[in-house]
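**Q** sequence unknown, structure follows:
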């Protein structure tokens, strides 16, 4: 057995340790977290440190879904993203936000798994479904026996989702009363590797009202064709799909009875928009942690980077941005718990937090120099994933227009 090779200064690259949690909360934004909320946060952090960080770079690089980690989320009751399910303990919105932050601190794809499965698919059924639908699907989604998708976005209708063209028509097939759904959807998480999709379609034809309704569609239904989107440079460890719905028939009881207009679609999205804001904070914290650790370990010009004025200014600027974001999401989440959160407030949080996370990631990438583009140093993965986060659940421009309409009382949507 050969002896270990000696470390040669200036020749052998040191192994930088940049994944240690720093528990960043400079202004005490989370100081009023209740003991059970803090315990929930720390349980998620333990899962991230022990299960996610050791393996996620490989899944991300290979663009593979870590289904084992998905099951691990379910076993720890994290897959429902804080959505209340009968028979399971209630999780406060604040605890759910802390969990989203910690999961995103680990990896954006894993956090998106929970956001899609729990925050969108499960939440749609819990908010808008019948008692029978809740009994049939809720627990199985929460425990990961079923994987769900939320199919709203279309190839030509992203931000302009109210103009969606997917249709549902009343029909009778083989003596069964139901609906025939036709159209296309794009960027649908778990749309090609799940079991069911909550499909939003406009009810047209005889008996149709032209409004947007939602339907639970099995992904193995005849006429449902989903292709995994390839070539992504972000969120590579979760698959999004381009779905073609060609005469897909579902029985009448597949319709969510309380989803009868785009207003209900907006209610689901408003509930998740604050979660996306927490996720952005988690990405920013991950980049900041890596920058602090790297600057302390990287020696240049005979001293650690952290001992230079320029680096300290960058770290202080990053911390200032993160602190502002933490205070914003903490306050608005307490507002949400009181039932007073407005759509414009959620939009303000989303646009502010994703913009701030981008800024923090950019500074961190710069601070790490060439090492900043290596997956092993965390920042590159988060840098890329934040770009996806910045777009979904409403782009910065769309959320800004929602806030602008609230400010002026005038709609500037085309």
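**A** That came in fine, so what should we check first? These figures come from a predicted structure and were not determined experimentally.

**Q** Tell me the buried residues in stretch 248-256?
**A** 248-250, 254-256 (16 or more other CB atoms under 10 Å). In short, each C-beta sits where N, CA and C put it, glycine included.

**Q** Oh, that last question was meant for stretch 313-327, not what I typed.
**A** Here stretch 313-327 shows 314-315, 318-319, 321-323, 325-327 as buried, counting by 16+ other CB under 10 Å.

**Q** Would you check which pair of the residues you listed lies furthest apart?
**A** Greatest spacing in the buried residues of stretch 313-327, by CB to CB: 314 and 327 (20.9 Å).

**Q** ok so, going back, in strands, which of the buried residues of stretch 248-256 fall?
**A** 248-250 (DSSP state E).

**Q** tell me which element residue 345 is part of?
**A** Element membership of residue 345 [criterion: DSSP states H and E] is helix 343-367.

**Q** Which of the buried residues of stretch 313-327 fall in helices?
**A** Judged by DSSP state H, helices contain the following of the buried residues of stretch 313-327: 314-315, 318-319, 321-323, 325-327.

**Q** could you dump these to TSV with distance to residue 76?
**A** Below are these laid out as TSV (distance: CB to CB, whole Å):
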residue	distance to residue 76
314	36
315	33
318	30
319	30
321	30
322	26
323	29
325	26
326	24
327	28
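
**Q** from those, which single one is nearest residue 176?
**A** Comparing every one of those with residue 176 (CB to CB), the shortest separation belongs to residue 325, at 50.4 Å.

**Q** right, and the closest one touches residue 281 too?
**A** Yes: assessed by CB atoms under 8 Å, residue 325 is found in contact with residue 281 at 4.9 Å.

**Q** Where do the domain boundaries of the protein fall?
**A** Using automatic domain parsing, the domain parsing of the chain gives 35-142, 148-260, 263-408.

**Q** Go through those and name the closest to residue 25.
**A** domain 263-408 (6.5 Å).

**Q** Which other helices and strands does the lengthiest strand in the chain contact?
**A** When the chain is parsed with DSSP E, its longest strand is strand 176-189. Packing contacts for strand 176-189, counted by 3 or more CB pairs under 8 Å, 6 or more residues apart in numbering; DSSP states H and E, involve strand 148-151, strand 167-173, strand 196-204, strand 212-218, strand 240-251.

**Q** buried stuff in that strand?
**A** For strand 176-189, by 16+ other CB under 10 Å, it's 178-189.

**Q** Would you mind finding the most buried of the helices and strands packed on strand 176-189?
**A** strand 148-151 (a mean of 29; mean count of other CB atoms under 10 Å).

**Q** any low-confidence regions in the stretch 151-300 of the chain?
**A** Applying pLDDT under 70 to the stretch 151-300 of the chain flags residues 158-161.

**Q** tilt between the top helix by length along the chain and strand 196-204?
**A** What stands out as the longest helix in the chain, according to DSSP H, is helix 262-297. On the basis of axes from the mean of the first three to the mean of the last three CA atoms, to 10 degrees, helix 262-297 is oriented at 140 degrees to strand 196-204.

**Q** hmm, back to that, now, among the buried residues of strand 176-189, which is nearest to residue 47?
**A** residue 189 (20.1 Å).

**Q** Surely the closest one and residue 243 touch.
**A** No: counting by CB under 8 Å, residue 189 does not reach residue 243; the two are 11.3 Å apart.

**Q** ok, back up a step: got any residues that touch both of residue 325 and residue 281?
**A** 353, 357 (CB atoms under 8 Å, 6 or more residues apart in numbering).

**Q** Show me what the closest residue to residue 152 other than its chain neighbours bridges to in the sheet.
**A** Leaving aside its sequence neighbours, residue 152 sits nearest to residue 200 (CB to CB, 6 or more residues apart in numbering; 4.7 Å). Per DSSP bridges, the residues bridged to residue 200 are residue 214.

**Q** wouldn't residue 125 be in contact with residue 135 here?
**A** No: the criterion here is CB under 8 Å, and residue 125 misses it with residue 135 at 10.3 Å.
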